[in-house]
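J.: Give me coordinates for this.
(one chain, ligands or ions: 1)
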Amino acid sequence: MEGLLTLPATDLRDRSSTARSPKRNRNIHLQIEVRNGWTMIRVNEHFFKLQSSYLFSEIAKRVAAYRAIHPGKDIIKLGIGDITHPLPAACIKAFESAVKEMAEKATGYGPEQGYPFLRDKIAEHDFQARGADIAADEIFISDGSKSDAGNIQELFADNIKVALQDPGYPVYLDTNVMAGRTGTFTDGRYSGIVYLESTAANQFMPELPSEPVDLIYLCFPNNPTGATIDAGTLKQWVQFACDHKALILFDAAYEAFIRDENLPRSIYEIPGAREVAVELRSFSKSAGFTGTRCAYAVIPKSCRVYDAEGGRHNLHALWKRRQTTKFNGVFYAVQRAAEAAYSPEGRQQIRHMRDYYMANADLIRQEMTALGLALSGGENAPYIWIHTGQDAWEFFDTLLHKAGVVCTPGNGFGRCGQGYVRISAFNHFENVQIAMERIRAALATTSRRGAAVPIDAQIA
Ligand code: PLP
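T.: From the prediction side, this is the model:
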């Protein structure tokens with residue numbers, strides 16, 4: 001049969017065992033073109049539920065509009081979470097010599113899980129040195145924590161209940177939306193997700209969930225709030241995951257910025273975490289690898305996951321199967337450069353870079369506090385989360401138009417981010433100094449904590 005055929009969506013599902021229509025399409029009549037039994041390529045309709053990536057495009061739009069009115073005016077960007085310093089010298093040296101090595105002999109495909117020379121260093125320095133029982137073969141080298149954070153959900157059933165922090169790094173939520181684990185988006189929230197609210201009232205440390213959840217995304221030090229977690233609180237989360245047969249995805253991408261010796265750096269410093277947690281780490285922010293791309297996921301061999309009948313399975317084996325099927329490893333020279341981050345010179349250079357960025361954070365905290373703004377973060381994280389006392393976009397506009405400084409409105413990270421802006425410590429110290437001077441002058445002419453001078457008046 002050929003031509004246009006009108007069918008109820010349910011009939012269409014029956015005709016193709018692989019076709020999966022979201023519930024909202026039930027009872028909708030579809031018109032399909034049928035050509036000798038062929039149907040058509042169909043889209044994953046869960047993608048249509050995604051909110052457009054409004055935050056950074058809206059920032060770019062407002063900055064462009066400002067530039068159009070003030071051509072040549074210098075703008076300082078304190079909004080981005082990208083590094084401003086090059087790779088440490090030790091990493092560059094290792095990178096160069098690895099490339100030269102590659103000119104002399106073919107390196108070919110590397111091991112999917114990463115080279116042992118790097119995994120050994122990670123296990124020793126990042127875990128065993130702190131008493132965390134993690135072996136080199138429990139580490140998977142990757143091209144970034146973004147990929148790991150986005151890919152890991154593939155290992156879990158479609159109908160698991162996901163809990164994540166609000167505000168939070170958007171990858172956790174969006175990848176679960178794409179996978180069909182949410183309903184529709186209303187009033188800043190997807191149905192089907194348990195939002196762990198991080199607000200000033202709980203010092204940006206969410207309560208343990210009071211309803212059933214299976215996969216819990218925790219990020220500490222946190223992007224965007226800069227909050228950290230202490231060992232006692234982390235222990236409660238680990239205990240919760242043990243009690244409820246849940247799994248924690250612990251994103252420690254900003255671990256290197258922890259200065260307080262009493263704070264845990266890894267979830268595996270907590271007894272019992274090996275069974276219930278996956279940890280993500282990245283060289284992006286700690287060693288300036290944002291464009292170079294190198295990170296790792298830790299999945300202990302005792303980490304468990306369950307089937308529908310309650311049968312226990314090994315998550316490490318499942319991830320290994322996934323990686324060997326879909327991933328061919330990270331560039332050899334990049335892994336050599338990452339290895340050099342653990343050499344005595346590399347460690348010293350990285351500490352120096354961390355201290356440089358954190359001096360920026362100290363200055364931002366000091367200046368913003370002096371202006372009477374309530375804030376969190378910036379002590380053990382490169383982000384300062386500022387309570388503006390007004391609409392986040394209004395405050396963004398005030399800083400842009402009156403100070404020529406760009407920050408990130410907090411509502412881009414979730415509903416609880418309304419009223420906040422994120423200021424990043426990734427910049428040159430001189431820029432931060434100038435930005436702070438300008439903000440001080442700008443806010444002096446603005447009634448503090450609300451009621452900013454109207455934008456038009458400022459431009460004039
Ligand atoms: N996790 C968090 C919380 C982040 O903020 C970021 C990047 O901004 C990442 C992961 C991604 O890191 P990577 O560069 O390793 O992909």
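
J.: Could you break the protein into its assigned domains?
T.: 2-42, 54-85+346-459, 89-345 (automatic domain parsing).

J.: Tabulate these (CSV), appending mean neighbour count, distance to residue 48 and mean pLDDT.
T.: Placement of C-beta: from N, CA and C, glycine included. Converted to CSV, the domains of the chain look like this (neighbours: other Cβ atoms under 10 Å; distance: least, Cβ to Cβ, whole Å; pLDDT from 0 to 100):
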stretch, mean neighbour count, distance to residue 48, mean pLDDT
domain 2-42, 11, 9, 60
domain 54-85+346-459, 18, 16, 89
domain 89-345, 18, 10, 97
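
J.: Which among those domains is found nearest to the ligand?
T.: Among these, domain 89-345 comes nearest to the ligand, with 2.9 Å by Cβ to the nearest ligand atom.

J.: Any part of the closest one near the ligand?
T.: Yes - applying Cβ under 6 Å from any ligand atom, one finds domain 89-345 touching the ligand at 144-146, 149, 169, 219, 223, 251, 253, 282, 284, 290, 295.

J.: In helices only, show me those residues.
T.: 145, 146, 149 (DSSP state H).

J.: nearest spatial neighbour of the last one, skipping sequence neighbours?
T.: Nearest residue to residue 149, sequence neighbours excluded (Cβ to Cβ, 6 or more residues apart in numbering): residue 171, at 4.9 Å.

J.: Does that neighbour touch residue 148 like I think?
T.: No - the pair residue 171 / residue 148 is not scored as a contact, 9.6 Å apart, by Cβ atoms under 8 Å.

J.: Enumerate every residue touching residue 162.
T.: Residues near residue 162 by Cβ atoms under 8 Å, 6 or more residues apart in numbering: 153, 172, 176, 181, 192, 193, 194, 213, 214, 215, 217.

J.: Which one of those is nearest to residue 60?
T.: Proximity of the contacts of residue 162 to residue 60 (Cβ to Cβ) peaks at residue 172, which lies at 23.7 Å.

J.: For that closest one, what is the enclosing helix or strand?
T.: Per DSSP states H and E, residue 172 falls inside helix 170-178.

J.: Direction included, what does the following helix or strand past that helix pair up with?
T.: Toward the C-terminal end, the helix or strand that comes next after helix 170-178 (DSSP H and E) is strand 185-186. Sheet pairing for strand 185-186, assigned by DSSP bridges, gives strand 189-190 (antiparallel).

J.: which secondary structure elements does whatever helix or strand comes next after the strand it pairs with contact?
T.: Counting by DSSP H and E, the next helix or strand C-terminal to strand 189-190 is strand 193-197. Here strand 193-197 touches strand 162-166, going by 3 or more Cβ pairs under 8 Å, 6 or more residues apart in numbering; DSSP states H and E.

J.: and the strand it packs on with helix 170-178, angle?
T.: If you take axes from the mean of the first three to the mean of the last three Cα atoms, to 10 degrees, strand 162-166 sits at 140 degrees to helix 170-178.

J.: Okay, angle between strand 162-166 and strand 193-197 too, please.
T.: Orientation check (the same axes, to 10 degrees): strand 162-166 against strand 193-197 gives 30 degrees.

J.: Paired strands for strand 162-166, with orientation please.
T.: Under the criterion DSSP bridges, strand 162-166 sits next to strand 193-197 (parallel), strand 215-219 (parallel) in its sheet.

J.: Pick out the residue closest to the middle of the protein.
T.: Nearest to the mean C-alpha position of the chain, by Cα atoms, centre = their mean, lies residue 169 at 4.0 Å.

J.: nearest residue to it other than its sequence neighbours?
T.: Nearest non-adjacent residue to residue 169, counting by Cβ to Cβ, 6+ apart: residue 223, 5.2 Å away.

J.: For this structure, which segments are assigned as helices?
T.: For the chain, the helices defined by DSSP H occupy 9-15, 54-69, 89-104, 116-122, 145-151, 170-178, 231-243, 273-276, 315-326, 332-340, 344-370, 392-398, 429-444, 455-459.

J.: Show me the one of those that comes nearest residue 423.
T.: Of the helices of the chain, nearest to residue 423 by Cβ to Cβ is helix 344-370, at 5.5 Å.

J.: Show me what that closest one is packed against.
T.: Checked by 3+ Cβ pairs under 8 Å, 6+ apart, helix 344-370 has helix 89-104, strand 374-377, strand 383-387, helix 429-444 packed alongside it.

J.: I'm done for today, thanks for sticking with me.
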